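[1] No sequence on hand, only this structure:
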């Protein structure tokens with residue numbers, strides 16, 4: 001992710017993790033695949049989710065929604081922005 005893309009995403013009103021540990025934690029799911037994301041977002045409301053998704057789309061960063069990460073086909077991982085609801 002470029003610094004311009006990171007700045008656009010960071011401007012959204014949402015908690016975002018760019019550190020290596022968090023990115024490594026979200027690089028796997030229940031499948032055999034592993035793909036480290038550029039960042040992980042933790043929206044706490046529908047408004048924050050909308051804001052972060054719009055910011056990522058405007059920045060040209062791919063978005064991967066993530067539930068529990070229990071899928072067996074690698075559908076919960078991606079190299080762009082992982083969006084995980086923070087309960």
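    Alright, I've got the coordinates. In this text the structure is predicted, and so the values were computed from the model without any measurement.

[2] can you map out the helices along this protein?
    3-10, 20-25, 46-59 (DSSP state H).

[3] Please tabulate the ones you listed in TSV, including the columns mean neighbour count, mean pLDDT and distance to residue 82.
    All C-beta atoms are positioned from the backbone trio N, CA, C, and that covers glycine. Putting the helices of the chain into TSV (neighbours: other CB atoms under 10 Å; pLDDT from 0 to 100; distance: least, CB to CB, whole Å) gives the following:
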stretch	mean neighbour count	mean pLDDT	distance to residue 82
helix 3-10	15	88	12
helix 20-25	13	95	8
helix 46-59	17	93	10
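
[4] so which of these gets nearest residue 83?
    helix 46-59 (6.4 Å; CB to CB).

[5] Quick check: which helices or strands does the closest one pack against?
    Using 3 or more CB pairs under 8 Å, 6 or more residues apart in numbering; DSSP states H and E as the contact test, the elements touching helix 46-59 are helix 3-10, strand 63-66, strand 81-84.

[6] Quick one: residues in contact with the first one.
    Read it as helix 3-10. With CB atoms under 8 Å, 6 or more residues apart in numbering as the test, helix 3-10 has contacts from 1, 16, 18, 38-39, 41, 52, 55-56, 58-61, 81.

[7] returning to what we had before: nearest to residue 33, of the helices and strands packed on helix 46-59?
    Short answer: strand 63-66, nearest of those by CB to CB, at 12.1 Å.

[8] Show me what that closest one packs onto, helices and strands only.
    So strand 63-66, by 3+ CB pairs under 8 Å, 6+ apart, packs with helix 46-59, strand 81-84.

[9] Give the rounded mean pLDDT of it.
    Strand 63-66 carries an average pLDDT of 93.

[10] got the buried residues for it?
    Within strand 63-66, the residues scored as buried using 16 or more other CB atoms under 10 Å are 64, 66.
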